[in-house]
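Participant: Predicted structure and sequence below. I'll ask about it afterward.
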Amino acid sequence: MTENRKRDMKRKILPLSDDPCLSFDSSSDSIEEKVSVNQVRHMRWVLQCLIEKYETTDGFGRPVDWSEWQLFLSAGYVCGFVCKDLEAGEGSAVFHKLLDTLGGAQYLTIRQLRALFHYIIRSERWGDMGGDRGGNTLWRFLESGAAEAVCNRLGEV
């Protein structure tokens, strides 16, 4: 056995989770940072997956247990739709206005869409996951038709 081979065998193999180039904080630093067309298209795709899952449930189940929710949740962080400097109040206002007037979805800006998804994701992660149905905000978003309206708006990119 060569000396290099012996030295390689003695090196401790570190798990990737300990790699110094890895960050566990995947939320965007700021709502002021732009998102790419591909990020918006990906969010539309994961939202469509979530809508399709909802349509197969007949209103039963816990959305927070669905793999489609996990996909949406991860994409929200990775695609910059969850930002450190967004306050829940901004997304909450968009959410409630959207529930009142579904036609308003056609006027939502990228910032408002990001605030909306930020609100939905954060409210599910920190508020409703322990509820009987889980995902009460998410249920309202899906049941009301707002998710479909938003998906259509995202499709314009």
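Facilitator: Structure's in. What do you need? These figures come from a predicted structure and were not determined experimentally.
Participant: Please enumerate the helices of this protein.
Facilitator: Ranges of helices in the chain, per DSSP state H, are 3-10, 37-55, 67-78, 88-100, 110-123, 136-143, 146-154.
Participant: I'd like the mean pLDDT over stretch 142-155, please.
Facilitator: For stretch 142-155, mean pLDDT rounds to 95.
Participant: In a markdown table, list the helices of the chain along with mean neighbour count.
Facilitator: C-beta: built from backbone N, CA, C; applies to glycine. Below are the helices of the chain laid out as a markdown table (neighbours: other Cβ atoms under 10 Å):
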| stretch | mean neighbour count |
| --- | --- |
| helix 3-10 | 8 |
| helix 37-55 | 17 |
| helix 67-78 | 18 |
| helix 88-100 | 17 |
| helix 110-123 | 23 |
| helix 136-143 | 20 |
| helix 146-154 | 19 |
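Participant: So which of these is nearest Ser30?
Facilitator: Ser30 lies closest to helix 110-123 among the helices of the chain, at 10.7 Å (Cβ to Cβ).
Participant: For that closest one, C-alpha coordinates in CSV please.
Facilitator: The C-alpha coordinates for helix 110-123 follow below in CSV (Å, rounded to 0.1, in the frame of the first residue of the first chain):
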residue,chain,number,x,y,z
ILE,A,110,-44.2,39.7,-7.6
ARG,A,111,-43.6,41.3,-4.2
GLN,A,112,-47.2,40.7,-3.2
LEU,A,113,-47.0,37.1,-4.4
ARG,A,114,-43.8,36.6,-2.3
ALA,A,115,-45.5,38.2,0.7
LEU,A,116,-48.5,35.9,0.2
PHE,A,117,-46.4,32.7,0.1
HIS,A,118,-44.2,34.0,2.9
TYR,A,119,-47.4,34.4,5.0
ILE,A,120,-48.8,31.0,4.1
ILE,A,121,-45.5,29.2,4.7
ARG,A,122,-44.8,30.9,8.0
SER,A,123,-48.3,30.6,9.4
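Participant: So which elements touch it?
Facilitator: Applying 3 or more Cβ pairs under 8 Å, 6 or more residues apart in numbering; DSSP states H and E, we find helix 110-123 packed against helix 37-55, helix 67-78, helix 88-100, helix 136-143, helix 146-154.
Participant: what angle separates that helix from helix 37-55?
Facilitator: 50 degrees (axes from the mean of the first three to the mean of the last three Cα atoms, to 10 degrees).
Participant: Run through who's touching helix 110-123.
Facilitator: 31, 35, 40, 43, 72-73, 76-77, 80-83, 86, 88, 90-92, 94-95, 98, 108, 137-138, 141, 150, 153-154 (Cβ atoms under 8 Å, 6 or more residues apart in numbering).
Participant: That's all I had, so thanks and see you.
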